[in-house]
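sequence unknown, structure follows:
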């Protein structure tokens with residue numbers, strides 16, 4: 001989940017001729033494009049703090065006498081997904097986990113009204129889809145949230161029905177490749193013909209396990225460094241070069 005709401009530092013993108021050629025090759029060879037949602041497509045929590053959501057979930061648990069379910073590090077993570085997965089590890093498949101997941105989904109749905117589109121994402125999705133590749137969403141967010149946001153942007157037809165998000169089986173969230181494999185199987189696609197666009201090490205790990213080529217997206221140098229340290233070979237800070245290549249390939 002991308003939850004940066006602080007002022008971003010100036011991003012650094014791939015500028016070398018070799019990087020540009022690598023990018024062109026990834027884009028022109030992709031027959032299936034798998035997108036992470038929160039990050040590459042939008043900042044879901046741009047106006048509705050993910051940190052506040054995580055704190056609310058922790059306080060909700062504490063109000064029910066369940067303070068001990070989380071370690072101090074988990075309580076202080078300020079990441080709703082870390083809180084959710086921590087509870088699921090201790091009470092897998094329980095009503096408690098189902099209720100916690102539904103509370104998170106409602107907060108994500110509330111966040112869609114103030115989500116900020118990633119620059120160039122909308123025209124890139126429309127252009128790329130028009131010139132050939134099929135598209136899917138592979139995300140740890142609720143599929144209800146993804147559909148709500150994409151519908152508001154007039155983009156849902158570019159992906160539907162291939163929107164694969166969080167289920168009740170929380171152990172299958174990325175970095176597990178489950179949602180990528182669901183997309184590939186449903187679309188009848190070999191991993192080598194696909195491309196995953198993501199902004200976190202868990203996206204990269206899921207793509208690696210699924211055998212899918214990966215393109216990292218990073219809003220700033222800190223995120224780019226994190227992706228490179230995780231093993232991502234190509235990282236861009238803007239989708240604009242992808243849009244140029246997609247337009248020229250069309």
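Great, that's in hand. No experiment lies behind these values; they were computed from the predicted model shown. Residues are numbered from 1 along each chain as shown.

got any ranges where the protein has weak pLDDT?
Residue ranges of the chain with pLDDT under 70: 1-16, 250.

Pairing partners for residue 35 in the sheet, please.
Beta-bridge partners for residue 35, by DSSP bridges, are residue 137, residue 197.

Domain boundaries for this structure, per the record?
Following automatic domain parsing, one finds the domains of the chain at 17-44+115-249, 50-112.

Output those domains in TSV, with mean neighbour count appended to each entry.
(Each C-beta comes from the backbone N, C-alpha and C, glycine too.) Shown next, in TSV, are these (neighbours: other CB atoms under 10 Å):
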stretch	mean neighbour count
domain 17-44+115-249	19
domain 50-112	17
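
list the contacts for the residue nearest to the spatial centre of the chain?
The residue lying closest to the centre of the chain (CA atoms, centre = their mean) is residue 36, at 3.1 Å. Counting by CB atoms under 8 Å, 6 or more residues apart in numbering, residue 36 touches 137, 138, 139, 196, 197, 198, 199, 200, 203.

Over to residue 66?
Residues near residue 66 by CB under 8 Å, 6+ apart: residue 96.

on that earlier part again, the residue nearest to the centre of the chain - nearest residue in space that isn't next to it in sequence?
In this structure, residue 36 finds its nearest non-sequential neighbour in residue 198, 4.0 Å apart by CB to CB, 6 or more residues apart in numbering.

wait, that neighbour sits on residue 217?
Yes: between residue 198 and residue 217 there is a contact under CB atoms under 8 Å: 6.9 Å.

got any residues that touch both of those two?
In terms of CB under 8 Å, 6+ apart, residue 198 and residue 217 are both contacted by the residues 39, 40.

The protein: helices as residue ranges?
Applying DSSP state H to the chain gives helices spanning 17-29, 50-63, 72-75, 80-90, 95-111, 121-130, 143-152, 156-159, 178-187, 201-210, 221-229, 240-249.
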